[in-house]
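# Mind folding the following:
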Amino acid sequence: MSRTNKWWSSACLVNANTISAYAMKFLKKLQYALLKAIDLSGLTFLAPVVRLCYGEEPKIQLQKIGQWIFVPIAGVLAFLFLWHVTSGTIQTKSGTLPNPAQTWKGYNAIDKQAERENLKMKAYELTGDAREQMLEESKEQLVGVEERVKLANEAVTQAKSAMSEKTKGLIAPLDAEYKAKKVEYKEIADAKKEALIVKADSLPAGNQAAYTAYQGEVKVAESESEANKEKLSVLKKEIDKIREMKSPQVADALITQTFAAEEEQFLKKQIELLSNRNKAIQVESATGKITASNAEFLTLTGKAAYDKARSIAKAESRLGKMEDSEYAKPATIWYQVKRSIFCVFTGFIIGTAIAVPVGILCGLNSTFMAAMTPFIAIFKPVSPIVWLPIALIIVSGLIPDPDNNPIMEFLWDLPLIGEYKINPAFIASAVTVALCSLWATLANTALGVASIDKDHMNVARVLKLGFFARLFKIVIPSALPLIFAGLRISLGVGWMVLIAAELLSSSEGIGKFVWDQFNNGASDSLAKMMVVVFLVGIIGLILDRIMIVFQRMVTFDGAVSV
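Residues are numbered from 1 along each chain as shown. Below is the predicted model of the structure:
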């Protein structure tokens, strides 16, 4: 090998070693960053996966992965299996409890409804060729959907007919038995009655023993009659129970029918919004009428001219409103979710603004703590069901006419916030959240401030720091871990309270959605309510994870968050 080749081989080897060293250093930094991010977010179950990828103690990491990932997954699958198996056995007035598949269909229906409302709004605003194209597509889709609706209606009729025949078959023998026993028991009762009446004619007057014995026979006869009536009642209940039976086939057919009917209704509404109710078409039609009226106005005199001028003025006013109009979009589930989250954070911020300063004062001054203790003990256990009506009465008294209130109008005009149309019910719900959730933050703040190392306070005195300097440089930074622990609990409590508050106050949000579904009574209402259970839980989990991140960012003792 020549000297040049040797030099080139050595240089390549050195470069390869340097690149390998840089790569290893980068991977090590990446591992540290990933583990730090996992620890900060509280997703510690992912740490063994990262360590396994880097080859650290594979046996131990696999055990942890099995414990913290596969075991929970197995638990979830077992829950879904038990839910699927037992759901058919739990009978309600609305049918059987929805199984996982039906609940998923309920979620799809909720999501589809939100998507359709967005399409309707788009149809209302569309113009030109895009409107024409969407109109043709909608008409084509409607033809296919109408056929599906027809088939779904036939399937429902068949399922109901089959269920009716099945019910009749189960009821027939019980009904025959009921009628036969009713006749039998009546004949027995009548016979005993006649016998007792005859026997009463021969009772010896004044004979106490004979009259007592006769009264005993009457009581026995009445007791037997009541027992027979109870037997008939049991048979009647069995018959009624069979009549109230819900067929899974009928339920599935009704859900399919509902979905098809909803899609048909949507397409008809969309076609309407793309044609005669389209904003551009309405504006164009109104403009044409005004132009024709203006031309006619130029030929008129006297009262006719005045009437026409007035008519044109009104038409131009309507045209202006029409040009500024927007599609009246109903509240969809995703809008209600956003409004609920906004409401809970509004209440959470109000509660925090009260709890943190009061908690700091309680921690700094034992006399103030003693003064606050009775109020904390009395108001902490109060239910949101009690706070909400009080909050509604007070807020409604302060804002009797929201539509003409300057504060409400200001809030409605704000960007981002304005779309949620804050009203007294929203404010009352937020205040209820604040009143029910602030106690955990207050208690943790007081504990955190009272637990500050006395040496820190002594140093502050030596340095002759003022009250606010001590507050912002020593007290609050030292108490932050416990303050955020309280905030995490408060946010969780606030989220639970909010759903009940919205349900009772009819404030737009997830709670109102649940109440609407409860009153709706549609075939898939229960499935949609089950969807909300998981939706509320998932949002609560996300909120808790967010608070864990903030808590860990200010925690210096390596405390574990679960």
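# mind showing which ranges of the stretch 1-150 of the chain have poor pLDDT?
Where the stretch 1-150 of the chain drops to pLDDT under 70, the residues are 1-21, 93-95.
# That one: helices as residue ranges?
Under the criterion DSSP state H, counting those that start in this stretch, helices of the stretch 1-150 of the chain are mapped to 3-41, 47-53, 58-65, 71-87, 100-125, 128-201.
# out of those helices, nearest to residue 403?
In terms of CB to CB, the element of the helices of the stretch 1-150 of the chain nearest to residue 403 is helix 100-125, at 23.2 Å. Glycine gets a C-beta too; all of them are placed from N, C-alpha and C.
# Can you give the distance from the closest one to the centre of its chain?
Counting by CA atoms, centre = their mean, to the nearest Å, helix 100-125 is centred 16 Å from the centre of its parent chain.
# for it, packing partners?
helix 71-87, helix 128-201, helix 248-274, helix 333-364, helix 525-553 (3 or more CB pairs under 8 Å, 6 or more residues apart in numbering; DSSP states H and E).
# need the contact list for the nearest residue to residue 469 once chain neighbours are set aside.
Among residues not flanking residue 469 along the chain, residue 460 sits closest, at 7.6 Å (CB to CB, 6 or more residues apart in numbering). Residue 460 sits next to 469, 470, 473, 474 when contact means CB atoms under 8 Å, 6 or more residues apart in numbering.
# pretty sure the last one is touching residue 454, no?
No. If you go by CB atoms under 8 Å, residue 474 and residue 454 don't touch, sitting 11.2 Å apart.
# and residue 211, how far is that from residue 506?
As judged by CB to CB, to the nearest Å, residue 211 and residue 506 stand 67 Å apart.
# Tell me, how many residues neighbour residue 121?
Using other CB atoms under 10 Å, residue 121 has 15 neighbouring residues.
# What residues does the residue lying closest to it once chain neighbours are set aside make contact with?
Nearest non-adjacent residue to residue 121, counting by CB to CB, 6+ apart: residue 327, 4.2 Å away. With contact taken as CB under 8 Å, 6+ apart, residue 327 is in contact with 120, 121, 124, 125, 273, 279.
# Most neighbours among the residues you listed, please name it.
Using other CB under 10 Å as the neighbour criterion, residue 273 leads those with 25 neighbours.
# Surely that residue touches residue 123?
Yes. Taking contacts as CB under 8 Å, residue 273 lies within contact range of residue 123: 4.1 Å.
# Is residue 380 in contact with residue 438, as I believe?
No. Applying CB under 8 Å, one finds residue 380 not in contact with residue 438, separated by 9.3 Å.
# Could I get the contacting residues of residue 407?
Residue 407 sits next to residue 399 when contact means CB under 8 Å, 6+ apart.
# Equivalent analysis for residue 146, please.
The neighbours of residue 146, taking CB under 8 Å, 6+ apart as the test, are residue 264.
# ok so, going back, please pick the buried ones from the contacts of residue 460.
470, 474 (16 or more other CB atoms under 10 Å).
# Including pLDDT, could the contacts of residue 460 go into CSV?
Formatted as CSV, the contacts of residue 460 follow (pLDDT from 0 to 100):
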residue, pLDDT
469, 81
470, 82
473, 82
474, 84
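# Which of the contacts of residue 460 fall in helices?
Judged by DSSP state H, the subset of these located in helices is 469, 470.
# now the contacts of residue 460 in a markdown table, with distance to residue 304?
Formatted as a markdown table, the contacts of residue 460 follow (distance: CB to CB, whole Å):
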| residue | distance to residue 304 |
| --- | --- |
| 469 | 83 |
| 470 | 84 |
| 473 | 83 |
| 474 | 85 |
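# Following the helix or strand containing residue 446 in sequence, what is the next regular element?
Element membership for residue 446 (DSSP states H and E) is helix 424-450. Downstream of helix 424-450, the next assigned helix or strand under DSSP H and E is helix 454-462.
# angle of that next one against helix 333-364?
Angle, helix 454-462 to helix 333-364, by axes from the mean of the first three to the mean of the last three CA atoms, to 10 degrees: 70 degrees.
# For helix 454-462, buried residues please.
Buried, per 16+ other CB under 10 Å, within helix 454-462: 457, 460.
# which parts of stretch 188-207 are buried?
Buried residues in stretch 188-207, counted by 16+ other CB under 10 Å: 189, 192.
# what mean pLDDT would you report for it?
The average pLDDT for stretch 188-207 rounds to 83.
# Any chance you could list what contacts that stretch?
Against stretch 188-207 from outside (CB under 8 Å, 6+ apart): 210, 211, 214, 217, 218, 221, 224, 225, 228.
# Likewise for stretch 174-182?
The contact list for stretch 174-182 (CB under 8 Å, 6+ apart) reads 228, 231, 232, 235, 236, 238, 239, 242.
# repeat for stretch 80-97
Counting by CB under 8 Å, 6+ apart, residues outside stretch 80-97 touching it are 98-101, 244-246, 248, 251, 521, 523, 525-526.
# one step back: so which of the contacts of stretch 174-182 comes closest to residue 45?
residue 242 (49.6 Å).
# tell me which element that closest one falls in.
In this assignment (DSSP H and E), residue 242 forms part of helix 208-243.
# Grab the nearest non-local neighbour of residue 553.
Closest residue to residue 553 apart from its sequence neighbours, by CB to CB, 6+ apart: residue 40 at 6.9 Å.
# Run a quick neighbour tally on the one you found.
Residue 40 has 16 neighbours, counted by other CB under 10 Å.
# From what I see, it and residue 549 are in contact.
Yes. Between residue 40 and residue 549 there is a contact under CB under 8 Å: 5.9 Å.
# how about residue 326, phi and psi?
Dihedral pair for residue 326: phi -130, psi 160, per degrees, to the nearest 10.
# How much space separates it from residue 125?
Residue 326 sits 8 Å away from residue 125, going by CB to CB.
# now do residue 361
Look at residue 361 and residue 125: by CB to CB, they are 54 Å apart.
# And for residue 400?
Taking CB to CB, one finds residue 400 at 36 Å from residue 125.
# And for residue 434?
Using CB to CB, residue 434 is found at 39 Å from residue 125.
# got it, and residue 201?
As judged by CB to CB, residue 201 and residue 125 stand 94 Å apart.
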